[in-house]
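>>> I would like the atomic coordinates for the input below:
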Amino acid sequence: TKIRVPDGWKNVEDLKVGDKVLAPDGTYTKVLGVYPQGVVDIYKLVFSDNRTFEAGADHLWEVMSWGHVSGEGSVLLTKIMSAEEIRLYLENKRNCRETTSRLFIRLPEPEQNKDKEYFIHPYILGIILGDGGISTGTITITCSSAKVMKRAESFLKPGYKFNPFFPSDKQVVEYALVIDRESKIFNNIPKINQYVQELKRLNLLGCTALTKFIPEEYMNGSEEQRWELVKGMMDTDAWVDVSPGRSGTKIKENGEQISGTPYYASSSKQLALNFQLLIRSLGGLCRMREKHPFYTYKGQRLPGNISYVMSVRVKEPRKLFTREHKRLERLNGENQYSKYLKLRIDKIEYVGKKEGTCISVDHPSELYVAENYVVTHNTVIAANAIAKIGKKLAIIILPKYIEKWLEDIENILPNARERTYIAQGSEGLIRLMEN
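Modelled structure (predicted):
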């Protein structure tokens with residue numbers, strides 16, 4: 001299992017006390033303890049947008065479900081459950097064919113890291129990945145929106161421009177990213193296109209529509225930089241479906257009433273997986289499906305390249321685009337998910353026996369972010385061990401963690417606080433030895 005750490009991921013068993021990991025509020029928190037569990041039963045949780053997470057049967061989760069509270073009506077209730085308890089709950093629901101009281105977990109807030117230094121602005125990289133041609137050693141963009149290209153050009157380094165031209169075999173304008181020979185600083189810049197050189201450094205130059213990907217360093221940009229990357233990709237290779245939903249509700253003409261679903265598609269599976277993780281890093285949901293197209297050649301019906309189509313759901317849908325006809329005409333500024341966007345647990349499956357490791361973190365929520373941007377709970381494995389041993393034990397901890405340990409132990413052993421002696425300083429140790 002990988003845990004989110006600053007600018008990347010780290011295997012849980014490689015973490016050390018004091019390491020920083022991502023908390024669900026987008027900040028970093030310290031690891032307080034790492035607890036190898038040995039070989040344990042492992043279960044896989046499958047969520048509504050197909051992300052998964054493997055955990056031991058005793059691993060804890062903060063889950064939410066809708067319930068009725070007298071005087072308040074339907075409210076979102078939160079509780080802590082183990083993976084085994086979730087399995088039994090879902091199994092009971094399935095056997096009883098219930099459709100209410102589904103279980104959800106919260107989605108993380110975007111990671112609050114600093115801006116990275118990029119030669120290629122994330123928005124420009126986004127339109128290159130979406131509608132760019134980079135397989136022949138040059139950079140060309142096929143785009144029907146002059147506004148998108150004007151915005152992209154505003155992010156270019158001095159001495160560069162997008163030069164429009166009409167290929168003889170196409171009906172749409174293309175733009176070449178070239179050195180601006182009419183620029184006042186032309187004589188002071190390298191005569192080798194540095195954008196081409198940067199794509200080469202990123203291993204993107206030469207990629208086709210089937211092999212494009214998002215470089216790892218761009219996956220770790222600041223929140224604003226990641227949104228700019230998303231906007232570039234969505235402005236070029238995405239659309240908003242405004243067809244009526246399953247309820248049959250018609251789309252209204254007033255822009256504030258429209259509730260469309262944004263989609264992004266790519267022929268590159270790696271790019272699709274990168275985009276999916278990028279949306280999840282920003283606190284969104286992204287579900288992917290495969291579309292198998294066909295075409296006719298000389299009277300024969302032949303299979304085309306697989307298209308990976310992703311539906312996107314975020315709290316503020318208009319942040320996905322800059323193109324006005326997509327952003328304003330087809331998307332709400334807010335929707336029913338703006339306040340309560342969360343991740344539904346669809347099922348839990350037994351995987352087998354594997355080595356397990358749990359951690360505890362120094363965060364008020366006792367939560368941290370693991371692989372696939374799944375928010376999971378702090379462990380209380382040490383407290384469980386104390387309960388099983390059933391004998392007097394001495395625990396050596398820093399003073400600031402005393403209250404947290406007492407809360408964890410009391411959740412397992414009622415009245416534990418009354419039976420716990422806290423020794424602080426040399427005098428406290430002397431009294432403890434005397435007793």
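
>>> so where's the stretch 301-435 of the chain shaky on pLDDT?
By pLDDT under 70, the weakly predicted segments of the stretch 301-435 of the chain are 325-330, 332-338, 379-398, 400-401, 404-405, 408-414, 429, 432-433, 435.

>>> run the last query once more with 80
Scanning the stretch 301-435 of the chain for pLDDT under 80 picks out 324-340, 378-435.

>>> any chance you could map the helices in it?
324-327, 381-389, 402-412, 425-434 (DSSP state H, counting those that start in this stretch).

>>> for the stretch 51-200 of the chain, same thing?
83-96, 122-131, 146-153, 194-201.

>>> Pick the most deeply packed of those.
Using mean count of other CB atoms under 10 Å, the stretch among the helices of the stretch 51-200 of the chain with the greatest mean number of neighbours is helix 122-131 (a mean of 26). From N, CA and C alone the C-beta is placed, and that goes for glycine too.

>>> could you measure the residue nearest the centre of the chain against residue 375, distance?
Central residue of the chain (CA atoms, centre = their mean): residue 280, 2.0 Å from the mean position. According to CB to CB, to the nearest Å, residue 280 and residue 375 sit 11 Å apart.

>>> same question, residue 342
Residue 342 sits 10 Å away from residue 375, going by CB to CB.

>>> More neighbours: which of those two?
Neighbour comparison, residue 342 and residue 375: the larger count goes to residue 375, with 22 against 17 (by other CB atoms under 10 Å).

>>> Now do the same contact list for that one.
Residues near residue 375 by CB atoms under 8 Å, 6 or more residues apart in numbering: 24, 62, 105-108, 367-369.

>>> so what's it closest to, chain neighbours aside?
Among residues not flanking residue 375 along the chain, residue 24 sits closest, at 4.7 Å (CB to CB, 6 or more residues apart in numbering).

>>> Across the sheet, point out what pairs with the residue lying closest to residue 269 once chain neighbours are set aside.
Counting by CB to CB, 6+ apart, residue 269 lies nearest to residue 308, which is 5.7 Å off, once chain neighbours are set aside. Applying DSSP bridges to residue 308 gives these bridge partners: residue 266, residue 290.

>>> in the stretch 1-150 of the chain, which spans are strands?
In the stretch 1-150 of the chain, the strands defined using DSSP state E, counting those that start in this stretch lie at 2-5, 8-11, 20-22, 28-47, 52-56, 60-69, 73-82, 104-105, 132-133, 140-142.

>>> so can I have JSON lines of those showing mean pLDDT and distance to residue 294?
What follows is the strands of the stretch 1-150 of the chain, written out as JSON lines (pLDDT from 0 to 100; distance: least, CB to CB, whole Å):
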{"stretch": "strand 2-5", "mean pLDDT": "96", "distance to residue 294": "38"}
{"stretch": "strand 8-11", "mean pLDDT": "95", "distance to residue 294": "38"}
{"stretch": "strand 20-22", "mean pLDDT": "97", "distance to residue 294": "43"}
{"stretch": "strand 28-47", "mean pLDDT": "91", "distance to residue 294": "31"}
{"stretch": "strand 52-56", "mean pLDDT": "94", "distance to residue 294": "31"}
{"stretch": "strand 60-69", "mean pLDDT": "85", "distance to residue 294": "43"}
{"stretch": "strand 73-82", "mean pLDDT": "84", "distance to residue 294": "45"}
{"stretch": "strand 104-105", "mean pLDDT": "95", "distance to residue 294": "39"}
{"stretch": "strand 132-133", "mean pLDDT": "94", "distance to residue 294": "24"}
{"stretch": "strand 140-142", "mean pLDDT": "94", "distance to residue 294": "23"}
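
>>> Mean neighbour count and distance to residue 331 added to those strands, as a markdown table?
Shown next, in a markdown table, are the strands of the stretch 1-150 of the chain (neighbours: other CB atoms under 10 Å; distance: least, CB to CB, whole Å):
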| stretch | mean neighbour count | distance to residue 331 |
| --- | --- | --- |
| strand 2-5 | 19 | 29 |
| strand 8-11 | 13 | 32 |
| strand 20-22 | 22 | 28 |
| strand 28-47 | 17 | 24 |
| strand 52-56 | 20 | 29 |
| strand 60-69 | 16 | 26 |
| strand 73-82 | 12 | 25 |
| strand 104-105 | 22 | 24 |
| strand 132-133 | 21 | 25 |
| strand 140-142 | 20 | 24 |
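
>>> for those, which one sits closest to residue 201?
In terms of CB to CB, the element of the strands of the stretch 1-150 of the chain nearest to residue 201 is strand 132-133, at 16.3 Å.

>>> close enough to count as contact, residue 357 and residue 38?
No - using CB atoms under 8 Å, residue 357 is not in contact with residue 38, being 9.5 Å away.

>>> Show me the one of the helices of the stretch 51-200 of the chain that comes nearest residue 299.
Distance to residue 299, taken as CB to CB, is lowest for helix 122-131 among the helices of the stretch 51-200 of the chain, at 31.1 Å.
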